[in-house]
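Enquirer: Structure for the following, please:
(one chain, ligands or ions: 3)
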Amino acid sequence: MSQTLQQLVIDVGNSRIKFVSLITDFKAAETQQLPLVKNACSTLIEEPIPWEEIQSWFDGQQDNQCQTVVAGSNPEGIERVIQNWPQGTLRPPIEVLNTADFPLEICVEEPRKVGIDRLLNAVAANQLRDSAQGAIIIDTGTATTIDVVTPQGSFAGGAILPGFELSAKALHNYTALLPLIPVDDLHQEEPVVLGKNTTDAIRSGLFWGQLGAIRELVCQQRDQLLPNANQVAPLILLSGGGSALLAPHLEGLVRFEPLLTLQGLAIVAQKISDSK
Ligand SMILES: Nc1ncnc2c1ncn2[C@@H]1O[C@H](COP(=O)(O)OP(=O)(O)O)[C@@H](O)[C@H]1O
Ligand SMILES: CC(C)(COP(=O)(O)O)[C@@H](O)C(=O)NCCC(=O)O
Ligand SMILES: [K+]
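Expert: Ligands and ions are numbered 1, 2, ... in the order given. So this is what the prediction gives:
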(Lines give C-alpha, C1' and ligand atoms only; values in the text may rest on other atoms or scores of the structure.)
(Ligands and ions follow the chains in the order given, each with its own letter.)
Protein backbone atom coordinates (compact mmCIF):
# COMPACT_ATOMS: atom_id res chain seq x y z
CA MET A 1 0.00 0.00 0.00
CA SER A 2 1.39 3.40 -0.82
CA GLN A 3 1.72 5.82 2.09
CA THR A 4 1.04 9.52 1.52
CA LEU A 5 1.77 12.70 3.39
CA GLN A 6 -0.28 15.89 3.15
CA GLN A 7 1.78 19.07 3.19
CA LEU A 8 1.41 22.84 3.20
CA VAL A 9 4.58 24.17 1.57
CA ILE A 10 5.62 27.83 1.44
CA ASP A 11 8.38 29.35 -0.70
CA VAL A 12 9.31 32.93 0.17
CA GLY A 13 11.05 34.67 -2.73
CA ASN A 14 12.13 38.27 -3.14
CA SER A 15 8.92 39.29 -4.98
CA ARG A 16 6.22 36.84 -3.93
CA ILE A 17 5.29 34.29 -1.29
CA LYS A 18 4.00 31.08 -2.83
CA PHE A 19 1.74 28.60 -1.02
CA VAL A 20 0.74 25.12 -2.14
CA SER A 21 -0.94 22.14 -0.57
CA LEU A 22 0.30 18.82 -1.86
CA ILE A 23 0.09 15.11 -1.52
CA THR A 24 3.50 13.49 -1.39
CA ASP A 25 3.69 9.78 -2.01
CA PHE A 26 6.43 8.11 0.00
CA LYS A 27 6.97 5.80 -2.94
CA ALA A 28 7.32 8.71 -5.38
CA ALA A 29 11.12 8.47 -5.26
CA GLU A 30 10.80 5.32 -7.34
CA THR A 31 8.42 6.75 -9.92
CA GLN A 32 10.02 9.95 -11.29
CA GLN A 33 6.94 11.91 -10.25
CA LEU A 34 6.79 15.19 -8.41
CA PRO A 35 4.50 15.59 -5.37
CA LEU A 36 0.96 16.33 -6.55
CA VAL A 37 -0.12 19.95 -6.07
CA LYS A 38 -3.75 20.22 -4.89
CA ASN A 39 -4.09 23.96 -4.27
CA ALA A 40 -1.87 26.95 -4.99
CA CYS A 41 -1.90 30.69 -4.36
CA SER A 42 0.62 33.50 -4.04
CA THR A 43 0.87 37.02 -2.75
CA LEU A 44 3.24 39.93 -3.32
CA ILE A 45 5.85 40.07 -0.58
CA GLU A 46 4.47 43.27 0.98
CA GLU A 47 0.79 42.30 0.78
CA PRO A 48 -1.31 40.56 3.46
CA ILE A 49 -1.13 36.78 3.48
CA PRO A 50 -4.42 35.13 2.36
CA TRP A 51 -4.67 32.89 5.44
CA GLU A 52 -8.41 32.34 5.10
CA GLU A 53 -8.05 30.87 1.64
CA ILE A 54 -5.10 28.73 2.76
CA GLN A 55 -6.91 27.46 5.87
CA SER A 56 -9.96 26.60 3.77
CA TRP A 57 -7.82 24.03 1.89
CA PHE A 58 -7.73 22.00 5.09
CA ASP A 59 -11.35 22.42 6.21
CA GLY A 60 -12.67 19.35 7.97
CA GLN A 61 -9.22 17.86 8.53
CA GLN A 62 -7.26 17.26 11.70
CA ASP A 63 -4.25 19.60 11.87
CA ASN A 64 -1.88 16.82 12.85
CA GLN A 65 -2.41 15.16 9.48
CA CYS A 66 -0.66 17.97 7.67
CA GLN A 67 3.04 18.83 7.69
CA THR A 68 3.71 22.55 7.19
CA VAL A 69 7.06 23.82 5.96
CA VAL A 70 8.60 27.12 4.90
CA ALA A 71 11.85 28.05 3.13
CA GLY A 72 13.10 30.47 0.50
CA SER A 73 15.63 33.04 -0.59
CA ASN A 74 14.18 35.89 1.53
CA PRO A 75 14.95 35.54 5.28
CA GLU A 76 12.96 38.66 6.28
CA GLY A 77 9.95 37.42 4.35
CA ILE A 78 10.19 34.02 6.06
CA GLU A 79 10.28 35.76 9.44
CA ARG A 80 7.11 37.65 8.50
CA VAL A 81 5.29 34.45 7.57
CA ILE A 82 6.25 32.85 10.88
CA GLN A 83 5.37 35.96 12.92
CA ASN A 84 1.96 36.21 11.23
CA TRP A 85 1.13 32.52 11.49
CA PRO A 86 -2.61 32.24 12.24
CA GLN A 87 -4.06 30.75 15.40
CA GLY A 88 -6.17 27.69 14.78
CA THR A 89 -6.09 24.88 12.32
CA LEU A 90 -2.59 25.01 10.85
CA ARG A 91 0.37 23.46 12.60
CA PRO A 92 3.25 25.98 13.04
CA PRO A 93 5.71 25.53 10.18
CA ILE A 94 9.08 23.82 10.16
CA GLU A 95 11.63 26.19 8.64
CA VAL A 96 14.01 24.36 6.33
CA LEU A 97 17.36 26.11 6.57
CA ASN A 98 20.14 23.62 6.68
CA THR A 99 21.04 22.64 3.15
CA ALA A 100 23.71 20.30 4.55
CA ASP A 101 20.82 17.87 5.26
CA PHE A 102 19.59 17.98 1.67
CA PRO A 103 19.62 14.81 -0.37
CA LEU A 104 21.95 16.62 -2.78
CA GLU A 105 25.65 16.97 -3.45
CA ILE A 106 26.53 20.66 -3.90
CA CYS A 107 29.66 21.15 -6.01
CA VAL A 108 30.41 24.89 -5.71
CA GLU A 109 32.97 26.93 -3.78
CA GLU A 110 30.68 27.85 -0.87
CA PRO A 111 27.67 25.50 -0.76
CA ARG A 112 26.08 27.35 2.16
CA LYS A 113 25.80 30.56 0.15
CA VAL A 114 23.73 29.09 -2.67
CA GLY A 115 20.09 30.23 -2.64
CA ILE A 116 17.98 27.48 -1.12
CA ASP A 117 15.47 27.89 -3.98
CA ARG A 118 18.16 26.89 -6.49
CA LEU A 119 18.97 23.78 -4.47
CA LEU A 120 15.31 22.85 -4.03
CA ASN A 121 14.93 23.06 -7.80
CA ALA A 122 17.87 20.67 -8.14
CA VAL A 123 16.26 18.21 -5.71
CA ALA A 124 13.07 18.28 -7.80
CA ALA A 125 15.08 17.91 -11.03
CA ASN A 126 16.76 14.82 -9.58
CA GLN A 127 13.34 13.31 -9.06
CA LEU A 128 12.38 13.88 -12.71
CA ARG A 129 15.53 13.19 -14.74
CA ASP A 130 16.51 9.77 -16.03
CA SER A 131 19.58 8.18 -14.48
CA ALA A 132 22.71 9.27 -16.40
CA GLN A 133 20.82 12.33 -17.67
CA GLY A 134 21.86 15.82 -16.58
CA ALA A 135 19.42 18.68 -16.04
CA ILE A 136 19.32 22.42 -16.65
CA ILE A 137 16.88 24.47 -14.55
CA ILE A 138 15.64 27.89 -15.65
CA ASP A 139 13.92 29.72 -12.75
CA THR A 140 12.51 33.13 -13.63
CA GLY A 141 11.84 34.97 -10.37
CA THR A 142 13.10 38.36 -9.19
CA ALA A 143 16.38 37.07 -10.51
CA THR A 144 16.51 34.50 -13.28
CA THR A 145 18.75 31.55 -12.45
CA ILE A 146 19.96 28.94 -14.93
CA ASP A 147 21.58 26.02 -13.14
CA VAL A 148 23.09 22.65 -13.91
CA VAL A 149 22.54 19.26 -12.28
CA THR A 150 25.13 16.74 -13.44
CA PRO A 151 24.22 13.24 -14.69
CA GLN A 152 25.43 12.06 -11.26
CA GLY A 153 22.84 14.31 -9.60
CA SER A 154 25.01 17.06 -8.09
CA PHE A 155 24.24 20.76 -8.18
CA ALA A 156 27.08 22.17 -10.28
CA GLY A 157 26.36 25.95 -10.18
CA GLY A 158 25.03 28.17 -12.93
CA ALA A 159 24.15 31.75 -13.81
CA ILE A 160 22.18 34.57 -12.14
CA LEU A 161 20.75 37.52 -14.06
CA PRO A 162 18.01 40.10 -13.44
CA GLY A 163 14.44 38.91 -14.09
CA PHE A 164 11.78 40.84 -16.05
CA GLU A 165 10.56 43.09 -13.28
CA LEU A 166 13.98 43.84 -11.84
CA SER A 167 15.30 44.73 -15.31
CA ALA A 168 12.32 47.02 -15.89
CA LYS A 169 12.86 48.75 -12.53
CA ALA A 170 16.61 49.10 -13.08
CA LEU A 171 16.10 50.82 -16.45
CA HIS A 172 13.68 53.27 -14.86
CA ASN A 173 15.52 53.87 -11.58
CA TYR A 174 18.99 54.41 -13.06
CA THR A 175 18.16 56.63 -16.04
CA ALA A 176 16.70 60.12 -16.34
CA LEU A 177 14.33 59.45 -19.23
CA LEU A 178 13.15 55.84 -19.25
CA PRO A 179 9.62 55.11 -17.97
CA LEU A 180 8.73 52.15 -15.75
CA ILE A 181 7.22 49.38 -17.88
CA PRO A 182 4.76 47.15 -16.00
CA VAL A 183 5.58 43.48 -16.69
CA ASP A 184 1.86 42.88 -17.25
CA ASP A 185 2.34 44.79 -20.53
CA LEU A 186 4.48 41.91 -21.78
CA HIS A 187 1.50 39.58 -21.36
CA GLN A 188 -0.86 41.70 -23.43
CA GLU A 189 0.75 41.04 -26.78
CA GLU A 190 4.12 39.81 -27.98
CA PRO A 191 6.49 42.79 -27.98
CA VAL A 192 7.65 44.04 -31.37
CA VAL A 193 11.36 43.55 -31.98
CA LEU A 194 11.85 46.95 -33.55
CA GLY A 195 10.48 49.43 -31.03
CA LYS A 196 9.45 52.71 -32.68
CA ASN A 197 9.02 54.50 -29.36
CA THR A 198 10.75 54.32 -25.98
CA THR A 199 8.14 52.09 -24.37
CA ASP A 200 8.14 49.56 -27.20
CA ALA A 201 11.94 49.60 -27.32
CA ILE A 202 12.09 48.76 -23.60
CA ARG A 203 9.44 46.05 -24.00
CA SER A 204 11.49 44.56 -26.82
CA GLY A 205 14.69 44.60 -24.79
CA LEU A 206 13.04 43.15 -21.68
CA PHE A 207 11.27 40.34 -23.46
CA TRP A 208 13.57 39.28 -26.31
CA GLY A 209 16.67 40.06 -24.25
CA GLN A 210 15.53 37.79 -21.39
CA LEU A 211 14.59 35.04 -23.83
CA GLY A 212 17.90 35.37 -25.69
CA ALA A 213 19.96 35.35 -22.50
CA ILE A 214 18.20 32.17 -21.38
CA ARG A 215 18.72 30.46 -24.76
CA GLU A 216 22.43 31.35 -24.80
CA LEU A 217 23.06 30.15 -21.25
CA VAL A 218 21.11 26.92 -21.81
CA CYS A 219 23.10 26.33 -24.99
CA GLN A 220 26.46 26.85 -23.30
CA GLN A 221 25.52 24.82 -20.23
CA ARG A 222 24.28 22.00 -22.46
CA ASP A 223 27.61 21.97 -24.30
CA GLN A 224 29.39 21.66 -20.98
CA LEU A 225 27.13 18.79 -19.92
CA LEU A 226 27.68 16.98 -23.22
CA PRO A 227 31.43 16.84 -23.80
CA ASN A 228 30.97 13.84 -26.08
CA ALA A 229 28.23 12.60 -28.37
CA ASN A 230 27.23 9.41 -26.53
CA GLN A 231 25.75 11.27 -23.58
CA VAL A 232 22.01 11.66 -23.02
CA ALA A 233 20.58 15.12 -23.76
CA PRO A 234 19.81 16.95 -20.50
CA LEU A 235 16.32 17.48 -19.13
CA ILE A 236 15.61 21.23 -19.32
CA LEU A 237 13.08 22.58 -16.81
CA LEU A 238 11.37 25.99 -16.81
CA SER A 239 9.91 27.41 -13.58
CA GLY A 240 9.17 30.62 -11.64
CA GLY A 241 6.88 33.65 -11.86
CA GLY A 242 7.98 34.66 -15.37
CA SER A 243 7.88 31.13 -16.77
CA ALA A 244 4.35 31.25 -18.24
CA LEU A 245 5.38 34.21 -20.36
CA LEU A 246 8.43 32.41 -21.73
CA ALA A 247 7.03 28.90 -22.11
CA PRO A 248 5.41 29.37 -25.56
CA HIS A 249 8.77 30.56 -26.90
CA LEU A 250 10.75 27.65 -25.48
CA GLU A 251 8.36 24.92 -26.61
CA GLY A 252 10.10 21.72 -27.59
CA LEU A 253 13.21 22.74 -25.65
CA VAL A 254 11.92 22.79 -22.07
CA ARG A 255 9.49 21.04 -19.77
CA PHE A 256 7.25 23.61 -18.04
CA GLU A 257 7.10 22.99 -14.28
CA PRO A 258 5.97 26.30 -12.74
CA LEU A 259 5.98 25.06 -9.12
CA LEU A 260 9.29 23.19 -9.12
CA THR A 261 10.81 24.92 -6.06
CA LEU A 262 7.74 24.14 -3.93
CA GLN A 263 7.73 20.53 -5.06
CA GLY A 264 11.46 20.28 -4.25
CA LEU A 265 10.73 21.63 -0.78
CA ALA A 266 7.94 19.07 -0.33
CA ILE A 267 10.40 16.27 -1.18
CA VAL A 268 13.05 17.61 1.22
CA ALA A 269 10.52 18.05 4.05
CA GLN A 270 9.18 14.56 3.50
CA LYS A 271 12.72 13.13 3.72
CA ILE A 272 13.36 15.10 6.93
CA SER A 273 10.13 13.81 8.53
CA ASP A 274 10.93 10.29 7.32
CA SER A 275 14.36 10.31 8.97
CA LYS A 276 12.93 11.29 12.38
N1 LIG B 1 2.26 39.28 -14.92
C2 LIG B 1 3.54 39.01 -15.09
N3 LIG B 1 4.10 39.05 -16.30
C4 LIG B 1 5.38 38.76 -16.50
N5 LIG B 1 6.20 38.42 -15.55
C6 LIG B 1 5.72 38.38 -14.35
C7 LIG B 1 4.37 38.64 -14.04
N8 LIG B 1 4.19 38.49 -12.74
C9 LIG B 1 5.38 38.15 -12.27
N10 LIG B 1 6.29 38.10 -13.23
C11 LIG B 1 7.70 37.77 -13.14
O12 LIG B 1 7.84 36.89 -12.10
C13 LIG B 1 8.74 37.43 -11.13
C14 LIG B 1 8.30 37.01 -9.79
O15 LIG B 1 8.32 35.59 -9.82
P16 LIG B 1 8.50 34.77 -8.52
O17 LIG B 1 8.89 33.39 -8.95
O18 LIG B 1 7.30 34.88 -7.69
O19 LIG B 1 9.72 35.55 -7.87
P20 LIG B 1 10.42 35.38 -6.49
O21 LIG B 1 10.62 33.88 -6.33
O22 LIG B 1 11.69 36.12 -6.63
O23 LIG B 1 9.53 35.94 -5.44
C24 LIG B 1 8.70 38.91 -11.34
O25 LIG B 1 9.89 39.52 -10.90
C26 LIG B 1 8.53 38.98 -12.82
O27 LIG B 1 9.82 38.85 -13.44
C1 LIG C 1 19.45 34.22 -6.97
C2 LIG C 1 18.32 34.47 -6.00
C3 LIG C 1 18.24 35.95 -5.68
C4 LIG C 1 17.00 34.04 -6.69
O5 LIG C 1 15.93 34.34 -5.82
P6 LIG C 1 14.48 34.78 -6.35
O7 LIG C 1 14.64 35.56 -7.59
O8 LIG C 1 13.70 33.52 -6.62
O9 LIG C 1 13.81 35.55 -5.25
C10 LIG C 1 18.46 33.61 -4.71
O11 LIG C 1 18.62 32.27 -5.07
C12 LIG C 1 19.64 34.04 -3.86
O13 LIG C 1 19.55 34.99 -3.12
N14 LIG C 1 20.78 33.33 -3.94
C15 LIG C 1 21.95 33.54 -3.12
C16 LIG C 1 23.21 33.56 -3.90
C17 LIG C 1 23.48 32.29 -4.70
O18 LIG C 1 22.58 31.53 -5.01
O19 LIG C 1 24.66 32.05 -5.02
K1 LIG D 1 13.38 31.32 -7.38
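Enquirer: residue contacts, the residue of the stretch 1-150 of the chain found nearest ligand 1?
Expert: Residue of the stretch 1-150 of the chain nearest ligand 1, by Cβ to the nearest ligand atom: residue 13 (2.2 Å). Just so you know, the C-beta spots here come from the backbone N, C-alpha and C atoms, and that holds for glycine as well. Applying Cβ atoms under 8 Å, 6 or more residues apart in numbering, we find residue 13 in contact with 45, 72-74, 77, 117, 141-142, 241.
Enquirer: secondary structure class for residue 228?
Expert: Of the three states, residue 228 takes coil under DSSP: H, G, I helix; E, B strand; the rest coil.
Enquirer: and the gap between the residue of the stretch 1-150 of the chain closest to ligand 1 and residue 51?
Expert: Look at residue 13 and residue 51: by Cβ to Cβ, to the nearest Å, they are 19 Å apart.
Enquirer: cool, and residue 132?
Expert: Taking Cβ to Cβ, one finds residue 132 at 44 Å from residue 51.
Enquirer: more neighbours, those two?
Expert: For residue 132 against residue 51, the residue with the higher neighbour count under other Cβ atoms under 10 Å is residue 51, and the figures read 16 against 10.
Enquirer: So for the more buried one, what's the nearest residue that isn't a sequence neighbour?
Expert: Sequence neighbours aside, residue 86 is the residue nearest to residue 51 in space, at 4.6 Å (criterion: Cβ to Cβ, 6 or more residues apart in numbering).
Enquirer: near ligand 1, from the contacts of residue 13?
Expert: Restricting the contacts of residue 13 to those within reach of ligand 1 (Cβ under 6 Å from any ligand atom) leaves 141-142, 241.
Enquirer: Which of these are buried? Put it as a ChimeraX command.
Expert: Selecting only the buried members of those in ChimeraX, with burial defined as 16 or more other Cβ atoms under 10 Å, works like this:
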select :141,142,241
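Enquirer: Just name the closest of the ones next to ligand 1 among the contacts of residue 13 to residue 267, please.
Expert: Nearest to residue 267 among the ones next to ligand 1 among the contacts of residue 13: residue 141, at 19.4 Å, using Cβ to Cβ.
Enquirer: From ligand 2, how far out is the residue nearest to that closest one when sequence neighbours are not counted?
Expert: Closest residue to residue 141 apart from its sequence neighbours, by Cβ to Cβ, 6+ apart: residue 240 at 4.6 Å. With distances taken as Cβ to the nearest ligand atom, to the nearest Å, residue 240 is found 7 Å from ligand 2.
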